[in-house]
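A.B. asks: here is the input, now give the coordinates:
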Amino acid sequence: MGGGSSRVLALAAQHADDISILPSLRSGRPGAHHSPEASLEAFHRKSQWVQQHAGPRWPTTHISTQVFFLHVGRDKSVYLDRIASKLPLPRHRLADSLSSWPVKSRRSATSSGHVNSSLGLSYLLIDRAHVHAFAPVVEALAAS
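C.D. replies: Alright, predicted model coming up:
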């Protein structure tokens, strides 16, 4: 169960074992209002809501988030420009977002895994369109 509003996340924390923390899309689609909701700061705030409402269940809950845009390669700048051109989101907000996840190389996958561990993520939800691009990252993580 997952969502982006405090009400949905509180409900998920009280009843679900797997909770997906997402940007709130109250309007039904991403836009400029979405960018603060996709920031690392918002993720931490929402994670605290979940922890507070889960109470003693917290240690056994699994936390995930959806990666909407994924790029595996060295040129992060071109990637961010391309995504920013598709969405009405400021480029600097995309760089500080869990919704867009640039991975420079297979080697950087292990450090990206460390970042996700420090965020308390049990797993990432990768869109079907990005599964093949993400496969080398999975291989690198499995080898580490």
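
A.B. asks: drop to CA atoms for contacts and neighbour counts, all remaining ones
C.D. replies: Fine.

A.B. asks: helices or strands up against the longest helix anywhere in the chain?
C.D. replies: Across the chain, the helix with the greatest residue count (assigned by DSSP state H) is helix 40-54. Where contact means 3 or more CA pairs under 8 Å, 6 or more residues apart in numbering; DSSP states H and E, helix 40-54 is packed against helix 6-15, strand 18-21.

A.B. asks: output these as CSV; include the columns mean pLDDT.
C.D. replies: Formatted as CSV, the helices and strands packed on helix 40-54 follow (pLDDT from 0 to 100):
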stretch, mean pLDDT
helix 6-15, 93
strand 18-21, 93
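
A.B. asks: tell me which of the ones you listed sits most buried.
C.D. replies: Among the helices and strands packed on helix 40-54, ranked by average contacts under mean count of other CA atoms under 10 Å, first place goes to strand 18-21 (a mean of 22).

A.B. asks: and Val138, which of the helices and strands packed on helix 40-54 is closest to it?
C.D. replies: strand 18-21 (20.0 Å; CA to CA).

A.B. asks: paired strands for the closest one, with orientation please.
C.D. replies: Sheet pairing of strand 18-21 (DSSP bridges) gives strand 2-3 (parallel), strand 62-67 (parallel).

A.B. asks: now these in TSV, with mean neighbour count?
C.D. replies: Formatted as TSV, the strands paired with strand 18-21 follow (neighbours: other CA atoms under 10 Å):
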stretch	mean neighbour count
strand 2-3	20
strand 62-67	19
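
A.B. asks: redo the helices and strands packed on helix 40-54 as TSV? Include distance to Ile83.
C.D. replies: Shown next, in TSV, are the helices and strands packed on helix 40-54 (distance: least, CA to CA, whole Å):
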stretch	distance to Ile83
helix 6-15	27
strand 18-21	21
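
A.B. asks: would you list the phi and psi of His71?
C.D. replies: phi -140, psi 120 (degrees, to the nearest 10).

A.B. asks: tell me which of the helices and strands packed on helix 40-54 sits nearest to Thr65.
C.D. replies: strand 18-21 (5.1 Å).

A.B. asks: any low-confidence regions in this protein?
C.D. replies: 25-38, 73-75, 87-90, 93-118, 144 (pLDDT under 70).
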